[in-house]
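Q: Everything below, folded, please.
(chains A and B)
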Amino acid sequence: MRLSKRSTGATMLAASFVLAATGCSTKAPESSGGGGGGAAAGDVTTDVGVEGETINLGVLTDLTGVFAALGNDITNANTLFWQNNQVCDTYDVTLDVQDTGYVPQQGVQLYSGMQDNVLAMQQTIGSPINTALAPEYESDQIVNFPSAWSKTLTEIPGTGVVGATYDVEIANGYDYLFREGLLQEGDTVGHIYFEGEYGANGVEGTRAVAEAKGLEVIEAQIKATDQDMSAQITQFNSAGVDLIALTVAPGQTASVATVAAAQGLDVPILGSNPVFAPGLLEGPAAEWLKTHLYVASPVSSFDAHPELLQQYQEAYPDAVPSLGVVVGFGMSEMMKQVLDAACENGDLTREGVLTAFQELEEVDTGGLVVPIRGFEVGQSPSLESFILQPADVPGGATVLEDAFEGEFAADIAG
Amino acid sequence: MTQFLSLLLNGISLGALYALIALGFVIIFKSSEVVSFTHGSLLLLGAYSIARLSDSIGFLPAVVVGILITALAAFVIERLIINRLRGAAVISLAIVTIGVDIIILTELIRQIGSDILNVPHPWGGESFRVGSIGLSQNRLIAFVVAAVLIAAFFAAFKYSSWGIAMRASAEDGETAALMGIRQGRVSALAWVVAGVLAAVAALFLVGSPTPGVSPTAYAVALRAFPAAILGGLDSTGGALVGGLLIGIAEAMAAGYQDQLLFLGRGFSAVVPFIVMIAVLMFRPSGLFGTKELTRV
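A: Down below sits the predicted model:
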């Protein structure tokens, strides 16, 4: 769904009304006295979530639900980042970490508990929880970083998707495969995707590329609980597909690789970023994945950032880090840039932070996350993706190609 | 034709695993009149235990211990909860099992997280091929093991004193009790056997072509439920036929998704339930279930 210029304008206008309304409401901005800190602190206006020289950010993550491992990795990375960084060289950042268990209702309740104490949300895990909280985030002028890449999330003002949306991401994957000669115009592609936002957004990318390049697409929609991909791969095999595209979870990726290997369907597999988990390299599909799977990703791998892995492992020696750690560091770096900009503008109120977020352009996270062009409502924040491939390296994936903008990205992103 | 035969073979091997799980439902129902919804979590517990233990004690010992853990969990559920609620309404017992299922499942999901746990099957991801038709070795072994277990179960059901006691209890509980059959013991043993069958099914369900233990494995048990119902909830033979029917129908619907597009995408997920409803329309007690006769 693309917002037209007019509706974008209308949203901005509505947002500015909200800003004005909340500005006149309950709390009068108080000045953070700051004493002893950087020169900036004394002149900075603050309201909610800033006390003295401490900024409080919220984290709604999943530490006990289905995405517990990912939630732990991202949250640990957030924590580690803010232990070593300050805003404006003045403000320390504390995180109010709450566990939603991946239950939207719980997320809404936990947010209402932290609502009056946090300046912004460092992390909100899961599309359903982000969607459930969208009206509150919008009315509270909250800047928030989700750990999902659905296009619908870009429609929430203040919510910054950490990279390209799934449609742009997979289209960049196709671009790579065309350039490497792994896919030709007019070829046949079988795309397995989850029902729901994630899958729908991924398959949109495939459809757009198919139209541009005359690909024939066989679509197979599955539920997240479907584990056995035998029937789908058998169908693809008889149709003679030249590529398998996936917008699924790691469990289905393992099944696809095992069945494709068993049936001798020797074609590349292209995946959206959530299809991969390091655990895949311990299963029977490992060898096939190392040579056939190409993952389009908004974040780089540990292979390219060994110092990050070392830092993480020193702090959390028992953890088996996934790429969620890179996402966590990347989104923290983005939050730092937003808060730094707001601080430099002398306005660390929620309104000031939201303005800084909306004005942000060309965000560079030092290669952790793809370059962000800016956060405009309804648009993919980035046109670029990394291409990763599973390998026997720390973190389980190596970078085949650094962040790049593919041929189809601009058209799809709008 | 190749596609059809491949799908058929896959369907049969999957159906054999469904049959193992459905058999568990049936014997629990026959012995204690409880419709048990705990099978999803028992299945996941079996798979999780085997995966976690394999690293430290090796594959075979882990399989044995994993099966024992699952059987023990089923035994504990029966002794601590079901046995104490004997005489409660059947519907209450069914809802109690849903509660137990959610408790176990939540903890297992927390333990597993979003990663993939692998069971190091010695046969790995290799496949067995006849011409261009292939079946993973894991599924082939699963089929053989399921066939042996089901045959052994039928023999025990017919000839062992436990089987006779169970059949008597199912036929007429009060008379059986008067004849000295200890129904509590029959019921406990039924739960243990169901636990063992669930763990064995789990061992193969987390191997090729669906390698890795993830929380979604529990959903397989939900698909075995229609298998038990359409076969006839009190018929062991029905569980076998029902399992195979559901397995084949599901594989075909997924494999011919494009031809069935007029029914909507994701049709294969609802196929088990459509087959079940279709059968029950014509045979309300299932294919082989006992017809309830009421003298008027």
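
Q: Low-confidence bits of the stretch 1-150 of chain B, can you list those?
A: B:113-115 (pLDDT under 70).

Q: Then chain A?
A: Those would be A:1-42, A:66, if you go by pLDDT under 70 across chain A.

Q: And the helices in it, which stretches?
A: Using DSSP state H, the helices of chain A run over A:5-23, A:68-83, A:104-114, A:127-139, A:166-179, A:197-213, A:230-239, A:250-263, A:286-292, A:306-315, A:324-344, A:350-359, A:409-413.

Q: tell me which residues in the longest one are buried?
A: To tie it back to what came earlier, the one meant is helix A:324-344. For helix A:324-344, a neighbour-count test (16 or more other Cβ atoms under 10 Å in any protein chain shown) marks A:324-343 as buried. From N, CA and C alone the C-beta is placed, and that goes for glycine too.

Q: Ok, the second one next?
A: By neighbour count, with 16+ other Cβ under 10 Å as the criterion, the buried positions of helix A:68-83 are A:68-82.

Q: what would the helices of chain A look like in a markdown table with distance to chain B?
A: Shown next, in a markdown table, are the helices of chain A (distance: least, Cβ to the nearest Cβ, whole Å):
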| stretch | distance to chain B |
| --- | --- |
| helix A:5-23 | 29 |
| helix A:68-83 | 3 |
| helix A:104-114 | 13 |
| helix A:127-139 | 15 |
| helix A:166-179 | 18 |
| helix A:197-213 | 10 |
| helix A:230-239 | 3 |
| helix A:250-263 | 4 |
| helix A:286-292 | 8 |
| helix A:306-315 | 16 |
| helix A:324-344 | 9 |
| helix A:350-359 | 28 |
| helix A:409-413 | 22 |
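
Q: Out of these, flag the one nearest B:Phe154.
A: helix A:230-239 (28.4 Å; Cβ to Cβ).

Q: What helices and strands are in contact with that closest one?
A: On a contact count with 3 or more Cβ pairs under 8 Å, 6 or more residues apart in numbering or on different chains; DSSP states H and E, helix A:230-239 meets strand A:188-194, strand A:216-222, helix A:250-263, helix B:2-32, helix B:236-255.

Q: Please identify the deepest-packed of these.
A: helix A:250-263 (a mean of 27; mean count of other Cβ atoms under 10 Å in any protein chain shown).

Q: then that one to CSV, C-alphas only?
A: C-alpha atoms of helix A:250-263 as CSV (Å, rounded to 0.1, in the frame of the first residue of the first chain):
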residue,chain,number,x,y,z
PRO,A,250,14.2,-20.9,9.4
GLY,A,251,12.3,-24.2,10.0
GLN,A,252,10.8,-24.1,6.5
THR,A,253,14.1,-23.1,5.0
ALA,A,254,15.6,-26.3,6.5
SER,A,255,12.8,-28.4,5.0
VAL,A,256,13.1,-26.7,1.6
ALA,A,257,16.8,-27.4,1.4
THR,A,258,16.5,-31.0,2.6
VAL,A,259,13.8,-31.8,0.1
ALA,A,260,15.4,-29.9,-2.8
ALA,A,261,18.6,-31.8,-2.1
ALA,A,262,16.8,-35.1,-1.9
GLN,A,263,14.9,-34.4,-5.2
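
Q: Get me the contact residues on the stretch 1-150 of chain B for chain A.
A: For the stretch 1-150 of chain B, the residues in contact with chain A (Cβ under 8 Å from any Cβ of the partner chain) are B:2-3, B:6-7, B:10, B:14, B:106, B:109-110, B:113-118, B:121, B:124-127, B:134, B:136.

Q: Please spell out the ChimeraX selection for the buried subset of those.
A: To isolate in ChimeraX the members of those that are buried, counting by 16+ other Cβ under 10 Å, one can use:
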select /B:3,6,7,10,14,109,110,113,114,115,116,117,118,121,124,125,126,127,134,136
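
Q: Okay, and which of the residues of the stretch 1-150 of chain B next to chain A map to helices?
A: If you go by DSSP H, the residues of the stretch 1-150 of chain B next to chain A have B:Thr2, B:Gln3, B:Ser6, B:Leu7, B:Asn10, B:Leu14, B:Thr106, B:Ile109, B:Arg110 in helices.

Q: Find the nearest non-adjacent residue to the last one, please.
A: Read it as B:Arg110. Once flanking residues are discounted, B:Arg110 sits nearest to A:Thr64: 4.7 Å by Cβ to Cβ, 6 or more residues apart in numbering or on different chains.

Q: Ok, the fourth one next?
A: With sequence-adjacent residues excluded and distances taken as Cβ to Cβ, 6+ apart, B:Leu7 is closest to B:Gly255, at 4.2 Å.
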